[in-house]
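A.B. asks: sharing a model prediction with you, sequence too.
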Amino acid sequence: MQGAEVALEGVGLAYGAFWAVRGIDLTVRPGEFFSLLGPSGCGKTTILRLVSGFVEPTEGVIRIDGRDVRGVGPAARPTALVFQNLALFPLMRVWENVAFGLEVRGVAKAERRRRAEELLELVALPGFAEKRVDELSGGQRQRVAIARALAVEPKVLLLDEPLSALDLKLRQHMRAELKAIQRRTGVTFLYITHDQGEAFTMSDRVAVMSQGRIEQVGTPAEIYDAPATAFVASFVGESNPLPGRVRESAGGLARIDTALGPLRARDPRGLAPGSAAILVVRPERCRLDGAGEGDGPADRLARAEDAPVNRIEGRLARIDFEGAFANLVVASPAGPALKVQVANDGRLSRLEAGAPVTVRFPAEAALALPEGPLARE
């Protein structure tokens, strides 16, 4: 199998006066594992339906392998869709489920069986051909659904939150399985999810969506470490968003007046003095003075020569223990509470709720972004 390029050029879909998606410019490379990530209702499933041909765009062009697919129905497109509910046939044996698309196309039974056996090997289910669907675990059903989609030899496999019904351990296992299947087949995967762990673990690149538009496209590391908007920064991972106004910007750093005082941050966009901005810093990049910290990357950066460091006085309001780490909430009478994440390295017992603390983080650990809406989920 070989994957195809999927290109959306100025694509929009309207239902009356409401635009489900609009202004979508996106190219998914051949053989890429690409995820659309965003909250419920942001338009990611709409894009999947547009690419699959179940709905036609109100505006714009969709090309698959360079071919304009306007007017081409789902059955005639080189795509296959794995539904969230899998839609397996319970009265059919596993191999019959896998070969169903081939039967519809008139392939002989012997060839259907042979192809089904090959695909069951591919998805690590050898010997399951004669089993019934109700004899399978959730993860095994997922793999049968993927094998059935691959049976028609698509160039693009579309997956609509296929792991959402599985428990945590099985979801984590299936992430690795899906990635391995995609690498073995070379098919282009377009994956829909609201779970950033899924998107980051499996994807070559990710598009973050909000309110029918794409906010940012990049590798998982780019999305997490260099969010382009306040929405992306607040939706992906945990963050401390601190609104304020730019006092000055020079040397790649901005000084922002916030409710917690003047703070400094990286300023890759060169925000104009006087403009509204949001300073964002991840909880794991923050440290507490007097909390037994001092050995992490943020600390080494803070000790570097001329490295500006932000310090905020507060009180340790809460300690949320999560096993391998703890989330600390530091309250300040001047403004919003801050979240600090610390590893469970044997020093957590030194922390006491109610104690006065100082949160510190180097300017290089924070990011200055233009003012914009934050994620609600």
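C.D. replies: Received the coordinates, thanks.
A.B. asks: in a strand, that's where G60 is, yeah?
C.D. replies: Yes. G60 forms part of a strand when assessed by DSSP: H, G, I helix; E, B strand; the rest coil.
A.B. asks: distance of the residue nearest to L37 when sequence neighbours are not counted from G251?
C.D. replies: Ranked by C-beta to C-beta, 6 or more residues apart in numbering and with sequence neighbours excluded, the top spatial neighbour of L37 is A199, at 4.4 Å. Using the backbone N, CA and C atoms, a C-beta is placed for each residue, glycine as well. Counting by C-beta to C-beta, to the nearest Å, the separation of A199 from G251 is 34 Å.
A.B. asks: then the strand or helix carrying A176 to CSV, C-alphas only?
C.D. replies: A176 belongs to helix 168-185 when assigned by DSSP states H and E. Taking Å, rounded to 0.1, in the frame of the first residue of the first chain, the C-alpha atoms of helix 168-185 are listed here in CSV:
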residue,chain,number,x,y,z
LEU,A,168,-6.7,3.9,29.8
LYS,A,169,-4.3,1.0,29.7
LEU,A,170,-5.8,-0.4,26.5
ARG,A,171,-5.8,3.0,24.8
GLN,A,172,-2.1,3.4,25.6
HIS,A,173,-1.4,-0.1,24.2
MET,A,174,-3.5,0.6,21.0
ARG,A,175,-1.6,3.9,20.4
ALA,A,176,1.6,1.8,19.8
GLU,A,177,-0.3,-0.7,17.8
LEU,A,178,-1.8,2.0,15.5
LYS,A,179,1.5,3.6,15.0
ALA,A,180,3.1,0.3,14.1
ILE,A,181,0.3,-0.6,11.6
GLN,A,182,0.7,2.8,9.9
ARG,A,183,4.4,2.4,9.6
ARG,A,184,4.0,-1.1,8.2
THR,A,185,1.4,-0.2,5.6
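A.B. asks: by contact count, what packs against it?
C.D. replies: helix 109-122, helix 138-151, strand 188-193, helix 196-202 (3 or more C-beta pairs under 8 Å, 6 or more residues apart in numbering; DSSP states H and E).
A.B. asks: change it to 10 Å
C.D. replies: Helices and strands touching helix 168-185, by 3 or more C-beta pairs under 10 Å, 6 or more residues apart in numbering; DSSP states H and E, are strand 33-37, helix 109-122, helix 138-151, strand 156-160, strand 188-193, helix 196-202.
A.B. asks: next, format the ones you listed as JSON lines and append mean pLDDT and distance to F325.
C.D. replies: Below are the helices and strands packed on helix 168-185 laid out as JSON lines (pLDDT from 0 to 100; distance: least, C-beta to C-beta, whole Å):
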{"stretch": "strand 33-37", "mean pLDDT": "97", "distance to F325": "23"}
{"stretch": "helix 109-122", "mean pLDDT": "90", "distance to F325": "38"}
{"stretch": "helix 138-151", "mean pLDDT": "86", "distance to F325": "28"}
{"stretch": "strand 156-160", "mean pLDDT": "93", "distance to F325": "31"}
{"stretch": "strand 188-193", "mean pLDDT": "95", "distance to F325": "24"}
{"stretch": "helix 196-202", "mean pLDDT": "92", "distance to F325": "15"}
